[in-house]
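Undergrad: Please work out how this folds:
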Amino acid sequence: MNIGIIGLPKAGKTTIFNALTGQEAEVAEYASGRIEPNVAVVDVGDPRVDTLSAMYQPKKTIYATTEFIDFVGGAGAGGSSPEDGAGSPRHKKTASIFSGEGITMVRNADALLLVLRNFSNPTLDETYGTPGPSRDLDTIETELILADQVIAERRLERIQADHQRGRKTPASQAEEKVMHRVVEQLDGSGVVRDLDLTTEEKQILSGFRFLTAKPVLLVLNSSEENYGKNGELLRNLEERYPAIEFAGNFEMELSRMEQEDAEAFMEDMGITESARNRLTRFAYRMLGYISFFTVGEDEVRAWTIRDGENAQAAAGTIHSDLAKGFIRAECFSYEDLVGTGSEAAVKQKGLFRLEGKEYPVKDGDILNIRFNV
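TA: Coordinates of the predicted model:
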């Protein structure tokens, strides 16, 4: 799973990236000239993996991972929105969530993490206006819709041009039909994810990687002073997308501290877990991911799949050969293992199962794949 971090300039995207990953990417009030995104892969904190590792004492313990990609934002020059009124300080620059080739890279992300500024800074307030998370979310949504409109309209034009030249096929007609729906949805300020699409239509659109088709999570990036005091704002944001609040600068500093010192500061702020653990679990839950485990003396490992995927798909996550030659999945649950104390006790109590390829894997399942290639 990879998550692209986007937002308006100076919303604190890189600060959140550093807090989540423990990296020390440059953070500055002014544009840094950076072109390439910051990228880091982090372990998904899961106490179940720790428990399994303690039980099996493996040579290796491997957690599920999430890749975070901090994309570069840009800013145009001058101008306020007409709705701001005369002389409004809002958006003295027209901000953009994209810069250069960034939009192409954003399209390859599995999900989008939208960072919304909820802190004041004299320099930023002078340049971009005072904080307005809901307003900024409107701006970001508009940019995503516009970016998708460009792709959809160009593709529809090409299909129609091919049809006029006599190059019409059942596949091109099916694509034209669904692309018409996409264009109409976007023209009405709607998003692709809200379209009721068939499996075939989803397959047709999958290669376009529409931004408004991606799952979205919000991070309200608050100052240390107002963190935890934004209940109504969070509720309003959650009417649109799942949202979580961070005190970004504070969390970034915590990520660089020794654990004992960090825990003391977290207690003062009423924070019980690191930003990374909170965000990765939040993302798993909101984006529909689950973890299953493989265990043994050599390795205890967590694997990531979509909720509802079957045993054969889970086997393919481990290795393509396991999916091709799938016979059965030996299966028992983490809860049953911990509750009984051992695999032997799981079998003795009749909690050990053999499942076929269509078995829907559940969060916390422990699998051993029988296969023959």
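
Undergrad: could you give the mean pLDDT of stretch 241-251?
TA: Stretch 241-251 shows a mean pLDDT of 91.

Undergrad: again but with stretch 167-185, I slipped
TA: Mean per-residue pLDDT for stretch 167-185: 96.

Undergrad: Renumber starting at 19 from here on
TA: Okay, using 19 as the starting number, the last item reads as stretch 185-203.

Undergrad: In terms of pLDDT, where does Tyr302 sit?
TA: In this model, Tyr302 is scored at 85, pLDDT.

Undergrad: and it, how many neighbours?
TA: By other C-beta atoms under 10 Å, the residues close to Tyr302 number 20. (Glycine included, C-beta is placed from N, CA and C.)

Undergrad: so which strand or helix has it?
TA: Assigned by DSSP states H and E, Tyr302 belongs to helix 293-305.

Undergrad: Give the other helices and strands that that helix contacts.
TA: If you count contacts as 3 or more C-beta pairs under 8 Å, 6 or more residues apart in numbering; DSSP states H and E, helix 293-305 packs onto helix 31-39, strand 129-136, strand 234-240, strand 261-265, helix 266-273, strand 307-312.

Undergrad: Convert the C-alpha atoms of that helix to CSV, please.
TA: Extracted in CSV, the C-alpha atoms of helix 293-305 (Å, rounded to 0.1, in the frame of the first residue of the first chain):
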residue,chain,number,x,y,z
ALA,A,293,1.6,9.5,14.6
ARG,A,294,2.8,6.6,12.5
ASN,A,295,0.9,4.0,14.4
ARG,A,296,-2.3,6.0,14.6
LEU,A,297,-2.2,6.9,10.9
THR,A,298,-1.3,3.5,9.6
ARG,A,299,-4.1,1.8,11.6
PHE,A,300,-6.5,4.6,10.6
ALA,A,301,-5.5,4.1,6.9
TYR,A,302,-5.9,0.3,7.1
ARG,A,303,-9.4,0.7,8.6
MET,A,304,-10.6,3.5,6.4
LEU,A,305,-9.2,2.1,3.1
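
Undergrad: between it and strand 129-136, how many degrees?
TA: In terms of direction (axes from the mean of the first three to the mean of the last three C-alpha atoms, to 10 degrees), helix 293-305 departs from strand 129-136 by 120 degrees.

Undergrad: Quick one: distance of helix 293-305 to the chain centre.
TA: In this view, helix 293-305 has its centroid 9 Å away from the chain centroid, taken as C-alpha atoms, centre = their mean, to the nearest Å.

Undergrad: what sits up against that helix?
TA: With contacts defined as C-beta atoms under 8 Å, 6 or more residues apart in numbering, helix 293-305 is touched by 19, 21, 34, 37-40, 60, 62-63, 84, 128-129, 131, 233, 235, 237, 260, 262, 264, 269, 272-273, 307-309, 322.

Undergrad: go again using 7 Å as the cut-off
TA: Taking contacts as C-beta atoms under 7 Å, 6 or more residues apart in numbering, the residues outside helix 293-305 that touch it are 21, 37-38, 60, 62-63, 84, 129, 233, 235, 260, 262, 264, 269.

Undergrad: Now render the helices and strands packed on helix 293-305 as a markdown table, adding mean neighbour count and distance to Met123.
TA: As requested, these are exported to a markdown table (neighbours: other C-beta atoms under 10 Å; distance: least, C-beta to C-beta, whole Å):
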| stretch | mean neighbour count | distance to Met123 |
| --- | --- | --- |
| helix 31-39 | 26 | 14 |
| strand 129-136 | 25 | 12 |
| strand 234-240 | 24 | 17 |
| strand 261-265 | 23 | 23 |
| helix 266-273 | 22 | 22 |
| strand 307-312 | 21 | 22 |
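
Undergrad: between these, which has the poorest average model confidence?
TA: That would be helix 266-273, which, of all the helices and strands packed on helix 293-305, carries the lowest mean pLDDT at a mean of 87.

Undergrad: Who are the packing partners of that helix?
TA: helix 31-39, helix 277-287 (3 or more C-beta pairs under 7 Å, 6 or more residues apart in numbering; DSSP states H and E).

Undergrad: Can you pull out the low-pLDDT segments for this structure?
TA: Scanning the chain for pLDDT under 70 picks out 46-53, 91-120.

Undergrad: hey, where'd the strands end up in it?
TA: Using DSSP state E, the strands found in the chain span residues 20-25, 56-61, 78-80, 83-88, 92-93, 113-114, 129-136, 234-240, 261-265, 307-312, 317-324, 344-351, 371-373, 383-389.

Undergrad: okay, the angle between the first one and strand 83-88?
TA: Note on geometry: by the same axes, to 10 degrees, strand 20-25 and strand 83-88 are set 30 degrees apart in direction.

Undergrad: coming back round to it: would TSV of the strands of the chain with distance to Arg172 be doable?
TA: Output for those, formatted as TSV (distance: least, C-beta to C-beta, whole Å):
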stretch	distance to Arg172
strand 20-25	22
strand 56-61	29
strand 78-80	43
strand 83-88	25
strand 92-93	22
strand 113-114	20
strand 129-136	22
strand 234-240	24
strand 261-265	33
strand 307-312	33
strand 317-324	30
strand 344-351	41
strand 371-373	46
strand 383-389	44
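
Undergrad: among the ones you listed, which is nearest Leu255?
TA: Nearest to Leu255, of all the strands of the chain, is strand 261-265, at 4.3 Å by C-beta to C-beta.

Undergrad: and the closest one with strand 129-136, angle?
TA: Going by the same axes, to 10 degrees, strand 261-265 makes 50 degrees with strand 129-136.

Undergrad: Return the alpha-carbon coordinates of strand 261-265 using CSV.
TA: The C-alpha trace of strand 261-265 is given here as CSV (Å, rounded to 0.1, in the frame of the first residue of the first chain):
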residue,chain,number,x,y,z
ALA,A,261,-10.2,12.6,9.2
ILE,A,262,-7.6,12.5,11.9
GLU,A,263,-5.9,15.4,13.7
PHE,A,264,-2.1,15.8,14.3
ALA,A,265,0.0,18.5,15.9
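
Undergrad: I appreciate the help and will end here.
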